[in-house]
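> missing the sequence, but the structure's below:
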C-alpha cells in the first residue's frame, strides 16, 4: 500500500487481476472499499468468502468496467496488465472509471531492465506464453496520456522491482547449478553484481497516474 497511501488514504478501490487478493486484503485493512475483477472462479470465491471484498468473475475487465456506473478513487493493476490480450481497452475503461483526482497504479515487468538486457530469453519474467505485452516507461506513459492521465511517479527501483530481479537471477542460477545451496549462493552473487551494474533499473516497473479532470 506504500505507493497508494501517499496519494489516497481511503475511498473506492478497484483491483484488476487480484489472484487470491493479497493487495485487496491490504487495501481493505487500510480502510478502502474494495472491488476486484478476477477471471478464476475459485479465486473469486476466496475473495468473497475469506478476503471479504466484492469480486466479479470475468476474463474481460474492460467489459465489466464498461457496465459499471460508479467511479473509483484508486484502480490498481499489480502485474496483471501484461496478461491481458486487450490492454489498451482496459486502460481506456480504467481512465473512464477513475474519479477526478483518482489514481491508476500499474506495475509490470521492466523490459528495459538490466536483467533482461543480459538474460534475454532466460529472463524469467518473459513468462511466455502467459505474458502478451511488455511496455517501456515511455510507451506506458504515452498510452496513459492518450487516455487523459498524467504521470505522478515512475520507478524501476522499488522493493518489488528488487524482489523480481532477485527472483530472475535465482532462477538463472537454478538452471545452471543443480545443487541447492550452491545455486542459492550463486544466485545471490549474480543478483548483487546485477544490482551494482543496473543503477536501479530492476526487473519491475511501477507507475502511478492521476486523472486531472
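Great, that's in hand. Note that the structure is a prediction, hence the values are computed from the model and not measured.

> Buried residues, the helix or strand that contains residue 153. List them.
Under the criterion DSSP states H and E, the helix or strand holding residue 153 is strand 149-155. Judged by neighbour count (16 or more other CB atoms under 10 Å), strand 149-155 contains these buried residues: 149, 155. Bear in mind the C-beta positions are built from the backbone N, C-alpha and C, glycine included.

> can you tell me which residues contact residue 65?
Each residue near residue 65 by CB atoms under 8 Å, 6 or more residues apart in numbering is listed here: 14, 37, 90, 93-94, 96-97.

> How far away from the center of its chain is the longest strand along the chain?
Determined from DSSP state E, the single longest strand within the chain is strand 98-109. Strand 98-109 sits 11 Å away from the centroid of its parent chain (CA atoms, centre = their mean, to the nearest Å).

> one step back: elements contacting the strand holding residue 153?
Judged by 3 or more CB pairs under 8 Å, 6 or more residues apart in numbering; DSSP states H and E, strand 149-155 is in contact with strand 98-109, helix 137-145, strand 204-211.

> Just put the ones you listed in a markdown table and tack on mean neighbour count and distance to residue 29.
Shown next, in a markdown table, are the helices and strands packed on strand 149-155 (neighbours: other CB atoms under 10 Å; distance: least, CB to CB, whole Å):
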| stretch | mean neighbour count | distance to residue 29 |
| --- | --- | --- |
| strand 98-109 | 21 | 17 |
| helix 137-145 | 16 | 28 |
| strand 204-211 | 23 | 20 |
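
> Make CSV from those and add mean pLDDT and distance to residue 191 to it.
CSV is the format used below for the helices and strands packed on strand 149-155 (pLDDT from 0 to 100; distance: least, CB to CB, whole Å):
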stretch, mean pLDDT, distance to residue 191
strand 98-109, 97, 16
helix 137-145, 96, 22
strand 204-211, 97, 14
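
> Among the ones you listed, which comes closest to residue 185?
Nearest to residue 185, of all those, is strand 204-211, at 23.8 Å by CB to CB.

> Summarise which helices and strands that closest one is packed against.
Checking 3+ CB pairs under 8 Å, 6+ apart, strand 204-211 ends up next to strand 98-109, helix 137-145, strand 149-155, helix 159-176.

> just the angle between that strand and helix 137-145, please?
Interaxial angle, strand 204-211 versus helix 137-145 (axes from the mean of the first three to the mean of the last three CA atoms, to 10 degrees): 30 degrees.
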